[in-house]
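Just the structure for this:
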Amino acid sequence: MKTNPQSKSFRLANSPAVVKLALMELIQTDQEIDDDVRASIKHALTSDPSGRTLSRVKVFVDLTEFQHIQRNAGEQKWDYAALQYCIARQAHFPMLQALFKTVTRRHVQVIRNELKAPLPATNITVIPSTELIQIFDAWKHIQASYQHETERWVALGEEFPQWPLSSLYTAIVVEGAQSFGNQNNGGCDGNI
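Okay, the predicted model is just below:
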């Protein structure tokens, strides 16, 4: 298949069978085709045994939708892996629900069971103030480096593997807002 120089998403289909099918579809369904053009297509389909006329017809296939589907599949895989990571790292349900809008408690429980991941602690582990400064500095850097909130929390969890995500969340959103005000807690708005 050759590409159309006008667009990388279009590919030329060279098969005579594809050309015939495309032309039959056009004369049956496209009401905007001029009657003379329609008659020429019908003639080429029925009266040109050599296929010379059809060999000059080009059929391009638009692959844009397939590229879009592939891109979405990759994003869905990443989102699912991020959800698994957050569950394994003991993110609490309100945080999971904020990051993954359609997640349900049942879905989280199924994944938690598959991963054999522990439940998040009911009492959040308090991070010592000496480490909070490092966490806040890292959060500011992470927010500048990552566009999406989910990516930010995964990055913070990876940078501080010794703390469950529920504790990191509390440190950034709750303690950060109380200690430094919303402007100085790395930009986290407390909605997670």
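
Mind jotting down where the strands sit in this protein?
3-4, 7-13, 59-62 (DSSP state E).

and those, which one is worst for confidence?
Lowest mean pLDDT within those: strand 3-4, a mean of 46.

Quickly list the domain ranges of the chain.
The record's domain split for the chain, according to automatic domain parsing, is 3-62, 67-115, 129-184.

Next one: residue 148 from residue 138, what distance?
Counting by Cβ to Cβ, to the nearest Å, the separation of residue 148 from residue 138 is 17 Å. Yep, even glycine has a C-beta here, placed from its N, CA and C like the rest.

So for these two, which sits in the more crowded spot?
Set residue 148 next to residue 138 and count neighbours by other Cβ atoms under 10 Å: residue 138 wins out with 17 against 12.

Now do the residue lying closest to that one once chain neighbours are set aside: how many residues are near it, please.
Nearest residue to residue 138 in three dimensions, chain neighbours excluded: residue 159, at 5.2 Å (Cβ to Cβ, 6 or more residues apart in numbering). When counting by other Cβ under 10 Å, one arrives at 15 neighbours for residue 159.

Equivalent analysis for residue 102, please.
Counted with other Cβ under 10 Å, the neighbours of residue 102 add up to 6.

distance of it from residue 76?
11 Å.

So, low pLDDT: which residues of the chain?
For the chain, the stretches flagged by pLDDT under 70 are 1-8, 49, 176-192.

just the helices in this structure please.
Ranges of helices in the chain, per DSSP state H, are 16-29, 35-47, 52-55, 64-88, 93-99, 105-115, 129-145, 149-159, 165-169, 176-180.

Which one of those lies nearest to residue 9?
For residue 9, the closest of these is helix 64-88, at 4.4 Å, according to Cβ to Cβ.

buried ones in the closest one?
Judged by neighbour count using 16 or more other Cβ atoms under 10 Å, the buried positions of helix 64-88 are 82, 83, 85, 86, 87, 88.

No further questions, thank you.
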